[in-house]
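Novice: Model the structure of this input:
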Amino acid sequence: MKTKVLLVLFLAASIFLIGCNQKEQTKKVEQTVAKQDTAKAESKIDTTAQKAAKIEVVPDLKGFWSGKFDSRETSFSILEQNGLNFKAVITVNYRTVSKQEIEGTLDTVSNKIAMKDMLHSRAKGTYSATLSEDSKSMVGVFTMNLDGKKLNFNLKKK
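Specialist: Numbers count the residues shown, from 1 in each chain. Modelled structure (predicted):
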């Protein structure tokens, strides 16, 4: 009879210890899963914040720019800027000075600038440029509406 009681006590103690060990393993697994979920959530937050910060930056383009247009001395003044849109005047020093009013738009994601001449003339056209990362220079191509002739330009902000 003593043997049976001891056997029952031994079995009860074994079951108790096995149950406690399983609870500890379950807790460890739950803690590991919780840490992984937290790391994933933090990573998503960081990525979203980086995208938002990159999209929101609108550089100040207003001011005086100078450079070359078709290998000629050129001045370019951005007079008004309203967000991504701007109005400017370009003056190219050909034998006869050429002056043209321009309207343009900046795409902050690609740093591309699209512009067009506003005054009617035979040399009226469109401009396609890339703004430098520091927003202090642009390089592009002017395309004449009349014959599709392309002229290179580069400008630096003063």
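
Novice: How about the secondary structure of T3?
Specialist: Assigned with DSSP: H, G, I helix; E, B strand; the rest coil, T3 falls in the helix class.

Novice: so how far is F69 from it?
Specialist: 107 Å (Cβ to Cβ, to the nearest Å). C-beta: built from backbone N, CA, C; applies to glycine.

Novice: So which of the two has more stuff around it?
Specialist: Legend: neighbour count by other Cβ atoms under 10 Å for T3 and F69, higher for F69 (23 against 7).

Novice: The more buried one contacts L151, correct?
Specialist: Yes. Using Cβ atoms under 8 Å, F69 makes contact with L151 at a distance of 6.7 Å.

Novice: Mutual contacts of these two, please.
Specialist: Residues within reach of F69 and of L151 at once, by Cβ atoms under 8 Å, 6 or more residues apart in numbering, are F142.

Novice: tell me the domain ranges of the protein?
Specialist: The chain breaks down by automatic domain parsing into domains covering 1-56, 63-157.

Novice: Flag whichever of these has the least confidence on average.
Specialist: Of all the domains of the chain, the minimum mean pLDDT falls on domain 1-56 (a mean of 63).

Novice: just the strands in the protein please.
Specialist: Applying DSSP state E to the chain gives strands spanning 63-69, 72-82, 85-92, 98-107, 112-117, 125-131, 137-144, 150-157.

Novice: Save the ones you listed as CSV, and put in distance to V57 too.
Specialist: CSV is the format used below for the strands of the chain (distance: least, Cβ to Cβ, whole Å):
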stretch, distance to V57
strand 63-69, 17
strand 72-82, 14
strand 85-92, 16
strand 98-107, 11
strand 112-117, 15
strand 125-131, 12
strand 137-144, 17
strand 150-157, 16
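
Novice: ok, the closest residue to L146 other than its chain neighbours to F64 distance?
Specialist: In this structure, L146 finds its nearest non-sequential neighbour in R122, 6.0 Å apart by Cβ to Cβ, 6 or more residues apart in numbering. Going from R122 to F64 by Cβ to Cβ gives 27 Å.

Novice: between the two, which one's more packed in?
Specialist: It is F64, of R122 and F64, that has more neighbours when counted by other Cβ under 10 Å, with 12 against 8.

Novice: So what pairs up with the more buried one in the strands?
Specialist: S77 (DSSP bridges).

Novice: That one contacts K158, doesn't it?
Specialist: Yes. Taking contacts as Cβ under 8 Å, F64 lies within contact range of K158: 4.8 Å.
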